[in-house]
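**Student:** Next input, structure requested:
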Amino acid sequence: MRLYIKSRLFLNGNLLLLLVYICVYLFNLQFNTNTNHTKYFLFITYIFIVISSIKHFSYFHSLNLFLYAFGLFLMGRIFLDIFLGIPSEFADKWNNYWLSSYTIKEVNNSLTLALIGTGIGASFYKKIKLKKDKNKSIIRPLKIIIYILIPFCLAKLWLDYAQVRDGGYITLYTGLKRSPFYLRASWYLLVTIFPLLLTDINNKKQFKYLVLLFIIIDGLNILQGARGALFRPLAFFIWYYYKFISIKKVKLIKLAYFSIIIIFSSVLLLQLREKDTKVDNVLFYVMQSLSGSYYTHAYFIDYSNNFVNPSNFYILAPVVDYVKYLYDPDLKGHTLKRVEKTLSLDHKLTYEMATTSYLSGHGLGGSYITEMYALGGKMGVFLISILLGYSIIYLENLFVIAETTRYIAWFWIGNLVWMPRAGLLDFIPSVIICYVFYKFLYRFQNSYD
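**Tutor:** Residues are numbered from 1 along each chain as shown. Here you go, the predicted model:
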């Protein structure tokens, strides 16, 4: 497999960062310095990679969407520390305590290596050669199926929303009564086939139809307070519009508009979840509430030795647990049995550090950084990040060349922006199911042509 360098300047910049990182790391080992060196170097690394990535790619390239999310979910506490003097060393989720110098250095070094590795991987690309796609459009039968499913899906979402409205956001994880089977089956089927509409969306009219359809379908889901239900599709629609619909060059002011929308949407959703919370400083509130994923990695370093049935393969949890979930009732809810059997980093970590809160339905969320770290330490973070950076560029090019692969982008882009506070492979089960359904529908249609 022959790889090509997209930009030598971009690659050289990341290699230079790696060289400087090694020097800083050795300096810290020799003189046992405080955590400020790693904190400021992480900040400089992030700013450099974001600016250079924007220069070499578009504002809404999938790599940059990932870097924006990285800053929001993982860098927020560093920003608050540097600009407002709020110490990032103080972990404030449940077990409030001051993190050790070793833990802070491990976290900052892991984040730095993840950024540099992603930048190096994104510097390479492979030329994709595909035969001309001869697949006939399957949009018409898909629309018919979706129109039939919409009433049942709205009924399912309304039943869920009513329970969350009365019992609070935590009801989603503790006392949510299951709706009738036919309603749940309708929702799962709709979620599976909706992305297939992307195989034939080529103009603004079709795109607006897709967005409107999503708002109608998923509006009640968003109102339940789940931020991922908003951020993932929002990131996808922004990416898709500026990748395939609009040929105009993106202006910086539009990036600012989208940032404002995200900030205030976050506040609104947090208010829906925690109605008694008062917000004095919107920007500070958003940065503090969304950047707690920075501490997930720190907690793992401090608590992982005491995990119930520990593992190095938390990165495989989305696939392994999905299969187990189909036949093992213990993989449901927040229970000790689930903690014993799951590979989920979120469940094991939350149970270990806050057992009572976990059993009542709370969770820390995941961290793709921590999954890589558990598998291979800081070297694992660096090497897997190189593969991640390369995959981002490869898939971006694939979606442009092959229209029938764009349904994968629905899961990939959404997972990419949520990855800093979730898992690396969360999108895999959904893509497999969607792919199987696509092949079935395509062959079924061809059998009657």
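**Student:** Tell me how many other residues surround N12.
**Tutor:** Neighbour count for N12, taken as other C-beta atoms under 10 Å: 12. For every residue, glycine as well, the C-beta is placed using N, CA and C.
**Student:** what about it, distance to A374?
**Tutor:** 31 Å (C-beta to C-beta, to the nearest Å).
**Student:** got it, and L149?
**Tutor:** 39 Å.
**Student:** Next SSE downstream of the host helix or strand of C23?
**Tutor:** Following DSSP states H and E, one finds C23 within helix 8-31. Per DSSP H and E, the first helix or strand lying C-terminal to helix 8-31 is helix 36-56.
**Student:** What lies in contact with that next one?
**Tutor:** 6-7, 9-10, 13-14, 17, 20-21, 24, 27-28, 61, 63-64, 67-68, 70-71, 75, 78-79, 81-82, 88, 104-105, 108-109, 111-112, 115-116, 118-119, 122 (C-beta atoms under 8 Å, 6 or more residues apart in numbering).
**Student:** what residues are up against I139?
**Tutor:** Here I139 is in contact with 197, 199-200 (criterion: C-beta under 8 Å, 6+ apart).
**Student:** Now do the closest residue in space to F152 that isn't next to it in sequence: how many residues are near it, please.
**Tutor:** Leaving aside its sequence neighbours, F152 sits nearest to S186 (C-beta to C-beta, 6 or more residues apart in numbering; 3.7 Å). Burial of S186 is recorded as 21 neighbouring residues (other C-beta under 10 Å).
**Student:** got it, and L26?
**Tutor:** 10.
**Student:** next one: A317
**Tutor:** For A317, the tally of surrounding residues (other C-beta under 10 Å) stands at 24.
**Student:** mind listing the strands in this protein by residue range?
**Tutor:** Ranges of strands in the chain, per DSSP state E, are 4-5, 90-91, 97-98, 124-125.
**Student:** pLDDT averaged over the third one, what's the number?
**Tutor:** So that's strand 97-98. Strand 97-98 carries an average pLDDT of 86.
**Student:** Parallel or antiparallel, which strands does it pair with?
**Tutor:** Neighbouring strands of strand 97-98 in its sheet, by DSSP bridges, are strand 90-91 (antiparallel).
**Student:** ok, back up a step: turn the strands of the chain into CSV, columns for mean neighbour count and distance to G414.
**Tutor:** Supplementary listing: those in CSV, determined by neighbours: other C-beta atoms under 10 Å; distance: least, C-beta to C-beta, whole Å:
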stretch, mean neighbour count, distance to G414
strand 4-5, 10, 28
strand 90-91, 18, 28
strand 97-98, 11, 34
strand 124-125, 16, 23
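**Student:** could you redo the ones you listed as TSV and give each row distance to R178?
**Tutor:** Formatted as TSV, the strands of the chain follow (distance: least, C-beta to C-beta, whole Å):
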stretch	distance to R178
strand 4-5	51
strand 90-91	36
strand 97-98	39
strand 124-125	46
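**Student:** The ones you listed: which one's closest to G361?
**Tutor:** Nearest of those to G361, taken as C-beta to C-beta: strand 90-91 at 21.2 Å.
**Student:** Rounded mean pLDDT for that closest one, please.
**Tutor:** Strand 90-91 comes out at a mean pLDDT of 84.
**Student:** Looking at the contacts of I139, which one is closest to A402?
**Tutor:** For those, the closest approach to A402 (C-beta to C-beta) belongs to T199, at 9.5 Å.
**Student:** And for the closest one, the neighbour number?
**Tutor:** 20.
**Student:** same check, this time on the one 5 residues further on
**Tutor:** K204 sits with 11 neighbouring residues when counted by other C-beta under 10 Å.
**Student:** Y182 too?
**Tutor:** Y182 - counted by other C-beta under 10 Å - has 11 other residues nearby.
**Student:** nearest spatial neighbour of it, skipping sequence neighbours?
**Tutor:** Nearest residue to Y182, sequence neighbours excluded (C-beta to C-beta, 6+ apart): F152, at 6.7 Å.
**Student:** Look up how far R140 lies from the one you found.
**Tutor:** 21 Å.
**Student:** Also K127?
**Tutor:** 34 Å.
**Student:** How about G85?
**Tutor:** Distance of G85 to R140, given as C-beta to C-beta: 59 Å.
**Student:** circling back: among the contacts of I139, which one lies nearest to I432?
**Tutor:** Nearest to I432, judged by C-beta to C-beta, of those is T199 at 17.0 Å.
**Student:** Right, I'll call it a day here.
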